[in-house]
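Undergrad: generate a structure from the sequence data that follows.
(5 chains, ligands or ions: 4)
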Amino acid sequence: TSSTNDKKTTEVRIGILQVPNDVAASRQLKYISNYFDQEHIKVKYIIFDSGVDANKALISGDIDFATMGDTNAVVALTSKIDAKLVWVNDVLGNNEGLVVRNGSGIKDFDDLAGQKIATPFASTSHYSLMMTLKKHHLLNKVSLLDMDTQDIVAAWNRGDISAAYTWQPTLTPMLKNGHFLITSENLRDQNRITANVTLVRGGFERKNPKLVSGLLQQLNKAHIEMQKDPNITIKAASKQMDLSYSEAKSQIGTSKWLTSKQMVDDKFLSETFPEQLYITGKFMSQQQTIDHAPSKKEINDFIADKYVNELGDD
Amino acid sequence: MEKIIEVKDLTLTYENDDKPTLNSLNLDIERGEIVTVIGKSGCGKSTLLNTIAGYLEPTSGEVLLNGEPVSGPNWKLGVVFQNNALYPWLNVADNIGFGLKMRHFDKETIDKRVTTLLEQVQLTDKRKDYVFSLSGGMRQRVAIARALANQPQLVMFDESFGALDEFTRNDIHDVILGLWKSLNLTFFIITHDIDEAIKLGNRIMIMTPDKTSQLKVVQNPYFNINSDNIDSNYMKFKNSILKQII
Amino acid sequence: MEKIIEVKDLTLTYENDDKPTLNSLNLDIERGEIVTVIGKSGCGKSTLLNTIAGYLEPTSGEVLLNGEPVSGPNWKLGVVFQNNALYPWLNVADNIGFGLKMRHFDKETIDKRVTTLLEQVQLTDKRKDYVFSLSGGMRQRVAIARALANQPQLVMFDESFGALDEFTRNDIHDVILGLWKSLNLTFFIITHDIDEAIKLGNRIMIMTPDKTSQLKVVQNPYFNINSDNIDSNYMKFKNSILKQII
Amino acid sequence: MNSKGKKNYWLITIATWLLIFVAWQIATSFRMVPEILLPSPEKVVSTFVKLSEYGYNGIPLWQHFLITMARLLSAVFLAIVTAIPLGLISGRIKIVYSIFDSIIQFIRPIPPLAYYTILILWVGIGETSKVVLLYLAAFAPIYLACISGVNRVKDDYIKSAESLGASSKQVFFHVIFPSALPDIFTGIRTAVGMAYTTVVAAEMVAATYGIGWMIINASKYLKSDVMFVGIIILGITGVVLDQILKYIERKIVFWSGR
Amino acid sequence: MNSKGKKNYWLITIATWLLIFVAWQIATSFRMVPEILLPSPEKVVSTFVKLSEYGYNGIPLWQHFLITMARLLSAVFLAIVTAIPLGLISGRIKIVYSIFDSIIQFIRPIPPLAYYTILILWVGIGETSKVVLLYLAAFAPIYLACISGVNRVKDDYIKSAESLGASSKQVFFHVIFPSALPDIFTGIRTAVGMAYTTVVAAEMVAATYGIGWMIINASKYLKSDVMFVGIIILGITGVVLDQILKYIERKIVFWSGR
Ligand SMILES: Nc1ncnc2c1ncn2[C@@H]1O[C@H](COP(=O)(O)OP(=O)(O)OP(=O)(O)O)[C@@H](O)[C@H]1O
Ligand SMILES: Nc1ncnc2c1ncn2[C@@H]1O[C@H](COP(=O)(O)OP(=O)(O)OP(=O)(O)O)[C@@H](O)[C@H]1O
Ligand SMILES: [Mg+2]
Ligand SMILES: [Mg+2]
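TA: Ligands and ions are numbered 1, 2, ... in the order given. Just a heads-up that it's a prediction; the model follows:
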């Protein structure tokens, strides 16, 4: 890999999701390229369909940064991948949710009993769904189907399933003949936060702390911009993702792009979010999807909030 | 004598072939005789057999069996091939009874006839054996028994003994002649071994590649003779045949 | 006469076999003679050849080539197999030159010798042809030429002509005898055709399955005789051999 | 080949596996490779025991295994009952051949994953799509084997049967079919292999059990110990399956190759 | 089989395809099936034209195609240069056979997707893991074909060579190798088929081009027209590839089967 030992880093590889997020916006707005050009470093973007593959790439050392859902970050943590969580890209809102088919007779959570519900396993949606089901004592009363988002739409169109917890852009076609039973925004309000986060590979972080700060600074710019004038940011993200403005807008939905200042001031990265990860980890280990629940210490070691703290002063 | 087979002006030209392989050929086979056919490789022996057996349709002329035209393979015309074509998935008894089963004979009749045939070819103890466990000579005897099971009017052999060694071949000759004598059968035997043609044939037919229309039929003074009694003219006779072939 | 091969008290027992296939066998082959070997299937003819050729190691006793023990296959001992074992990926010339190439002769020498051999087996015009386009008889002639290319001391044939029809076989016999006369070669020929054994052998060796230790060697009055001159005793002679075999 | 001195070669095979095992043990004991890349043998064994006792995702390991086998075998069964008749008839009747062969030749090389989504759109996410995917993988080998089997039936077999009084139908059932059986069996073995290779792909979508699903699911949570257990189970099952088929083959087409 | 009257059977084949095409056209024109389940022929053609002109995801269609072929062929090439020597030696030397055969027999049936994740953990998400996955799919068929090729070399070929003065090494290179070539070619064709079947799986993770990736990506957005274009390309390529291999085979092992 290009970033080993004494050799100067000449290339940084960023694993991205194909969604209109802060990375997409700062790419389009040339924040990222301008920064790395000035450092004489090449940037390479690698698209991942999910955090699952991004984690694999972190292990094999093929990427330096990766954006993923926080559930995959928990997987990374408990699998002892040498990586640190350095950034929260967005706190999920109504761009993820549980949709049920109109006319399927599902009016309330209790009606879900006996239904087939699809969701991409290991995703934030999966976690949100499980939390919801648990809350309503439905855990063993529904049959869960592990499906990729495209397969969810296909199954939905055929009528194979009448409920699914998934994210945009998959939600849009489903909402044509369906409606939300709950969204991640509702969960957020109930203090069950899910988020997309950025991990940095340990080897890279130790060697290039400056570059980590630098990249986060660029992402933070997009967050600041988003809060000042969302239109510019959404437009940039839509252009980057080859989407229409309205598509991008609905895909971003009510997700929150916290600035570093907000993260610091609200103790988001030092208290709120670690707590959420702790709950997530405990829940996932109860579900036996991970082999142990991470301790609070492990989580605190995993989250390297010093970069955000530095930026927060800006 | 009663004619079993009449071949009349038989011409056979293979598809995509310009010259006929068999050209206006005439031949009668009478009940109870053994006709042996000898000729160089490629002269048309198998073609003649295939036409008589009904596998090939004559281009012109006809083949009559008991006065009726042969219109396809027929159980009245038995055939034994060089590699005996026994079915390896059937045991000896089932191979021999195959034709009778196809013709819907009942199990008892089949069993009885198979038993008799096994005795005649001296393979009674091999009844339940599979073909792959038999020697080459035994396999040929099973093939002969299978061809005889239908009690056909004529049994034809297409170089059936060529793959056997000389000693085994001698044994088979004796089986053939023994069956012929005891059951009054009619045989049509293709061979490329002159000694065999002489030993087995009442009549020897010599086929030449260029003018197949003319079959030379030779009366054979040495038919079925004990080899100890062969006189000094045997070699001359054999040589005269050899020369006609070439 | 000079002895090329001396087989001394040769015993060969196959692995997992309790009885020896060859039992204290003795045999000399002299330069310039043709020894034909005849015997029933399974009596051990090929085993003997394989041991002389060095493919099998004697269990006891020894095989000497010019007084030296044979310790493995050797270019001085040529072998021609029944299915000729010609290499289908090589053309006729390359097949014939194969041994010389393996022995690192230069291209010119190989070419010259191949040309001579092609003339001797009358296949000059087939030089560049591949084996699959040749007839059975031609293939055997190529196989003989290939075995001769190394100018071996002894050429052995293991039922090499069994798959050929009688007429082609006669041609090959003439080729063999022609080469033998003109090049003063030594041959060791296994066959299961008594006529062939008589026609080709100065000496005929009869092998019996039960007591292989005793090879019966017969002096042959009919060696290389023109078949027109064969007298009335020929059949008696042949029959006497036949009886010894069985 | 060499008839002089036969050693006990299976000892070498055993030694090889022991060596692999020891190397694996050493590599993991001395932490030469991270646990996640290569779980230790003990870990794999203990995971296997755990999975056997408590199951994966609440379902016992043997049930995962059985459902996978059920999918595989029902697909192969369907392929056998459809491909054999079609293949034999195609081999015998040129018109049928002309109709089907090019279609099958066209579909055959397409990777199953390429059309899996289309298949799901057509037949849904249930067992059907999984079995159909495996069925499509298994069909062509059997079909092609039947055609080559029929083409290789010795002419003399057919001629003999005809001269013995068999009708065309009898020739088909009593001569062509048994003659082609050895080839058909080879085809079935290839078909099982092809379907087996597709088993994980088939369980990738909307499954909640099956060994393939277990491996895919474990890979989402980077549980390499479970993945190793799954892979080893698939490896052993593959070998055992082939041996069973070979055994059945030897029993049924006992004459083949003799 | 039937020598009487040979019809132009390829006309039937063409008619069959026309019929399929017409049925497809009718089914879509009359909206008997939704566009998403079965895009119309025009749509597929126009999508093909569009992809050829403007590319998919900014990359021209032919580049997607070439990269997939490059992955496939480099994997097959690697398999050829490693499996042939190992296979031939295994076929000849029992000790080598005892060491490798059981390992390969064990790995062979495992579905590539089962170990793809492990492979990615080991060698990364780059081209290496893709090529290695295809390589593993291609290796066993060639290896096994070599062994069976060596075992089928006629004893008389070897004996003749020895008696003609060839050393063991010469026997290996001048007799065993060419003798086994027809089998090796059959193995290579099977290997290409196996690797080809794996091509979509290999491009499923972290790829940004390749026909397989295009299909997978299109399936995420349910672009069935693009999927159809991809599937048809894979089908045609598969047939063409096999024909090319058969042609090369006929040229190189011209003596085989004659
Ligand atoms: N199906 C066929 N189509 C075209 N030509 C054929 C066919 N079968 C045989 N021939 C040709 O017809 C001629 C006679 O062949 P046939 O098999 O009858 O000879 P044969 O006397 O039986 O030879 P052999 O002794 O080698 O069996 C040969 O030139 C052969 O090439
Ligand atoms: N490799 C072997 N291992 C064990 N036994 C063998 C082997 N080869 C031959 N035999 C046995 O040795 C005996 C002699 O065989 P051999 O091949 O020498 O006979 P043959 O005289 O050449 O027969 P044919 O005329 O059929 O070629 C036979 O009983 C045979 O079964
Ligand atoms: Mg013939
Ligand atoms: Mg022999």
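Undergrad: and the strands in the chain?
TA: Just going to use chain A. Secondary structure of chain A by DSSP state E: the strands cover A:11-17, A:42-48, A:65-69, A:83-91, A:96-101, A:116-119, A:143-146, A:163-167, A:178-183, A:195-201.
Undergrad: the intended chain is chain B.
TA: Ranges of strands within chain B are B:3-12, B:22-30, B:34-39, B:60-65, B:68-69, B:77-80, B:154-158, B:187-191, B:203-207, B:216-219, based on DSSP E.
Undergrad: which stretch among those comes nearest residue A:278?
TA: strand B:77-80 (88.0 Å; Cβ to Cβ). No exception for glycine: its C-beta is placed from N, CA and C like everyone else's.
Undergrad: just the buried residues of the closest one, please?
TA: For strand B:77-80, a neighbour-count test (16 or more other Cβ atoms under 10 Å in any protein chain shown) marks B:77-80 as buried.
Undergrad: identify, from those residues, the entry nearest to chain D.
TA: Distance ranking of these against chain D, using Cβ to the nearest Cβ, places residue B:79 first at 4.7 Å.
Undergrad: test my guess that that closest one contacts residue D:165.
TA: No - if you go by Cβ atoms under 8 Å, residue B:79 and residue D:165 don't touch, sitting 12.0 Å apart.
Undergrad: which residue is the nearest non-sequential neighbour of the one residue sitting closest to the centre of chain A?
TA: Nearest to the mean C-alpha position of chain A, by Cα atoms, centre = their mean, lies residue A:196 at 2.1 Å. The shortest distance from residue A:196 to any non-neighbouring residue, by Cβ to Cβ, 6 or more residues apart in numbering or on different chains, is to residue A:89 (4.3 Å).
Undergrad: what bridges to the residue in the stretch 101-250 of chain A positioned nearest to ligand 2?
TA: Going by Cβ to the nearest ligand atom, ligand 2 is nearest to residue A:146 of the stretch 101-250 of chain A, at 59.1 Å. Beta-bridge pairing of residue A:146 under DSSP bridges involves residue A:119, residue D:207.
Undergrad: isn't it up against residue D:206?
TA: Yes - Residue A:146 is within contact range of residue D:206, at 6.9 Å (criterion: Cβ under 8 Å).
Undergrad: pLDDT weak spots in chain B?
TA: Across chain B, the ranges flagged by pLDDT under 70 are B:1, B:210-215, B:226-232, B:246.
Undergrad: for the residue in it positioned nearest to ligand 2, give me its contacts.
TA: Closest residue of chain B to ligand 2, Cβ to the nearest ligand atom: residue B:165 (6.4 Å). Residue B:165 sits next to B:136, C:40-41, C:162, C:192 when contact means Cβ atoms under 8 Å, 6 or more residues apart in numbering or on different chains.
Undergrad: ok, now residue A:268?
TA: With Cβ under 8 Å, 6+ apart, residue A:268 has these contacts: A:88, A:258, A:262.
Undergrad: which of those residues tops the neighbour count?
TA: In terms of neighbours by other Cβ atoms under 10 Å in any protein chain shown, the contacts of residue A:268 top out with residue A:88 at 26 neighbours.
Undergrad: tell me the bridge partners for it.
TA: Taking DSSP bridges as the rule, residue A:88 bridges to residue A:197.
Undergrad: distance check, the closest residue to residue B:42 other than its chain neighbours against chain A.
TA: Spatially, and ignoring its direct neighbours in sequence, residue B:42 is nearest to residue B:209 (6.3 Å; Cβ to Cβ, 6+ apart). Distance, residue B:209 to chain A, by Cβ to the nearest Cβ, to the nearest Å: 71 Å.
Undergrad: for residue A:235, see how far away the closest residue to residue A:241 other than its chain neighbours is.
TA: In space, and not counting its chain neighbours, residue A:241 is closest to residue A:20: 4.8 Å by Cβ to Cβ, 6+ apart. Counting by Cβ to Cβ, to the nearest Å, the separation of residue A:20 from residue A:235 is 10 Å.
Undergrad: more neighbours: which of those two?
TA: residue A:20 (30 against 18).
Undergrad: buried set for the longest helix anywhere in chain B?
TA: The longest helix of chain B (DSSP state H) is helix B:166-183. The neighbour-count check on helix B:166-183 (16+ other Cβ under 10 Å) flags B:166-170, B:172-173, B:175-177, B:179-180 as buried.
Undergrad: export it as PDB, just CAs?
TA: Output of helix B:166-183 as PDB, limited to C-alpha atoms (Å, rounded to 0.1, in the frame of the first residue of the first chain):
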ATOM      1  CA  GLU B 166      -6.700 -68.000 -34.600                       C
ATOM      2  CA  PHE B 167      -7.400 -70.600 -31.900                       C
ATOM      3  CA  THR B 168     -10.500 -69.000 -30.600                       C
ATOM      4  CA  ARG B 169     -11.600 -68.400 -34.200                       C
ATOM      5  CA  ASN B 170     -11.300 -72.100 -34.900                       C
ATOM      6  CA  ASP B 171     -13.600 -72.900 -32.000                       C
ATOM      7  CA  ILE B 172     -16.200 -70.500 -33.300                       C
ATOM      8  CA  HIS B 173     -16.000 -72.100 -36.700                       C
ATOM      9  CA  ASP B 174     -16.800 -75.300 -35.100                       C
ATOM     10  CA  VAL B 175     -19.800 -73.800 -33.300                       C
ATOM     11  CA  ILE B 176     -21.100 -72.300 -36.500                       C
ATOM     12  CA  LEU B 177     -20.800 -75.500 -38.400                       C
ATOM     13  CA  GLY B 178     -22.300 -77.500 -35.600                       C
ATOM     14  CA  LEU B 179     -25.300 -75.200 -35.400                       C
ATOM     15  CA  TRP B 180     -25.700 -75.200 -39.200                       C
ATOM     16  CA  LYS B 181     -25.700 -79.000 -39.200                       C
ATOM     17  CA  SER B 182     -28.100 -79.500 -36.300                       C
ATOM     18  CA  LEU B 183     -30.600 -76.700 -37.000                       C
END
